[in-house]
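Novice: How does the following fold in three dimensions:
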Amino acid sequence: MAKTVELSLFTSELQRLVQTLIRTYEKCDHGCVKRLGVTASQGSSLLFFQEEGDLTMKELSELMGLAESTMTRVVDQLVSKDLVRRDVDANDRRVVRVSLTQDGRTKRTALEKSLNELFAQGLGGLGKEDRKTILASLRKLVSAVEAICKKQCWR
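Specialist: Here you go, the predicted structure:
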């Protein structure tokens with residue numbers, strides 16, 4: 001019984017802290033992307049691209065956790081801002097590949113730099129061991145949450 005109560009208190013506090021972390025991160029993210037003239041979803045999309053290379057619309061939708069129709073709207077906006085381009089796959093004309101333009105690479109780099117600087121300022125006071133512990137714990141948390149969500153929620 002005591003173990004159940006302890007686990008329940010742990011999971012409640014964990015959910016509260018994760019939600020607070022997500023909300024706080026989103027506020028920071030919104031501020032950084034706003035300065036670059038893109039929306040939060042556009043900025044998040046840019047960050048999923050590597051400097052070079054492309055993604056299919058399906059891959060981008062899955063990475064973002066959005067329906068393909070929603071992702072299409074975001075990509076339409078990015079195309080109109082000349083930040084990404086669409087190309088039909090050479091091997092399968094049904095597949096659309098999306099890649100960063102030069103302006104898109106520049107914005108992506110600026111956004112990544114801005115977020116990194118912001119976090120470096122806020123987390124710079126943590127010691128090396130604390131940083132290692134936090135990253136190791138977050139990796140375990142992500143793995144555990146993904147496993148349960150795949151089993152229970154992502155059917």
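Novice: In the chain, where's the longest helix?
Specialist: Criterion DSSP state H: the longest helix present in the chain is helix 2-35.
Novice: pLDDT on the host helix or strand of residue 109, on average?
Specialist: Following DSSP states H and E, one finds residue 109 within helix 102-123. For helix 102-123, mean pLDDT rounds to 89.
Novice: who touches the helix or strand following it?
Specialist: Sequence-wise, the next helix or strand downstream of helix 102-123 (DSSP H and E) is helix 128-152. The contact list for helix 128-152 (CB atoms under 8 Å, 6 or more residues apart in numbering) reads 14, 123, 126. Placement of C-beta: from N, CA and C, glycine included.
Novice: what's the nearest residue to the first one if we skip its chain neighbours?
Specialist: Spatially, and ignoring its direct neighbours in sequence, residue 14 is nearest to residue 141 (7.9 Å; CB to CB, 6 or more residues apart in numbering).
Novice: Could you do the last one as well?
Specialist: What sits nearest to residue 126 in space, not counting adjacent residues and going by CB to CB, 6+ apart, is residue 134, at 7.3 Å.
Novice: how near is that neighbour to residue 86?
Specialist: 39 Å (CB to CB, to the nearest Å).
Novice: So if I had to pick from those two, which one is more boxed in?
Specialist: residue 86 (15 against 12; other CB atoms under 10 Å).
Novice: Could you measure from that one over to residue 122?
Specialist: To residue 122, residue 86 is 37 Å away according to CB to CB.
Novice: and residue 57, how many neighbours?
Specialist: For residue 57, the count of nearby residues is 16 (other CB under 10 Å).
Novice: Nice, that's everything, thank you.
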